[in-house]
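Asker: Need a 3D model of the sequence below.
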Amino acid sequence: MNDCVFCRIVRREIAASVVDEDEHTLAIMDAGQVNPGHVLVLVKAHVPDIYSLDDELAGAVFRSTARVARAVKRAMAPSGVTVLQANEPDGWQTVMHLHLHVLPRRADDGVELVWPAKNPPREELDRLAAQVRAALAR
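Answerer: Below you'll find the model as predicted:
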């Protein structure tokens, strides 16, 4: 995709502060820096979301993300790290090119994620599991 901002960064048409790079991934500092040391790990190929990611590329991007998370932990000495990957606008994806956020965290850093657990009964969990298992078999 010629107009995709992350594709343009991968092609070096837009400047970015590169953290790490390999055959399949590019890690850059997030220009927004939610917290100091906030890194984005991009797949180099234009893959819009996790649904379009093949298993080889999925392994590559997660290996890079784990490597970057370890480096962020050493470099920034946060008390925690959040790794976030979003898909589709309702899933909070804002750039339609697969990427993971590696976000160093500290207590009271102002970052929030509301997680309203519904706690359904076991029967409902079993029904949902069966539904997803059936989709895996297709």
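Asker: surely residue 26 meets residue 39?
Answerer: No - between residue 26 and residue 39 there is no contact under C-beta atoms under 8 Å: 10.6 Å. Bear in mind the C-beta positions are built from the backbone N, C-alpha and C, glycine included.
Asker: Those two: who's more crowded?
Answerer: Shown here are residue 26 and residue 39; by other C-beta atoms under 10 Å, residue 39 has more neighbours (26 against 21).
Asker: Pairing-wise in the sheet, spell out the partners of the more buried one.
Answerer: Residue 39 has the following beta-bridge partners by DSSP bridges: residue 29, residue 102.
Asker: What distance do you get for residue 69 to residue 109?
Answerer: Computed as C-beta to C-beta, to the nearest Å, the residue 69 to residue 109 distance reads 17 Å.
Asker: Have a look at those two and say which one is more surrounded.
Answerer: Between residue 69 and residue 109, counted using other C-beta under 10 Å, residue 69 has the larger neighbour count: 19 against 15.
Asker: got the contact list for that one?
Answerer: Taking C-beta atoms under 8 Å, 6 or more residues apart in numbering, we find residue 69 in contact with 81, 83, 102.
Asker: could you point out which element follows the helix or strand harbouring it?
Answerer: Using DSSP states H and E, residue 69 falls within helix 55-76. Following helix 55-76 in sequence order, the next helix or strand is strand 80-84 (DSSP H and E).
Asker: So the residue of the chain positioned farthest from its centre, which state does it fall into?
Answerer: Here the chain reaches farthest from its C-alpha mean at residue 123, the gap being 31.8 Å by C-alpha atoms, centre = their mean. Under the three-state scheme (DSSP: H, G, I helix; E, B strand; the rest coil), residue 123 adopts helix.
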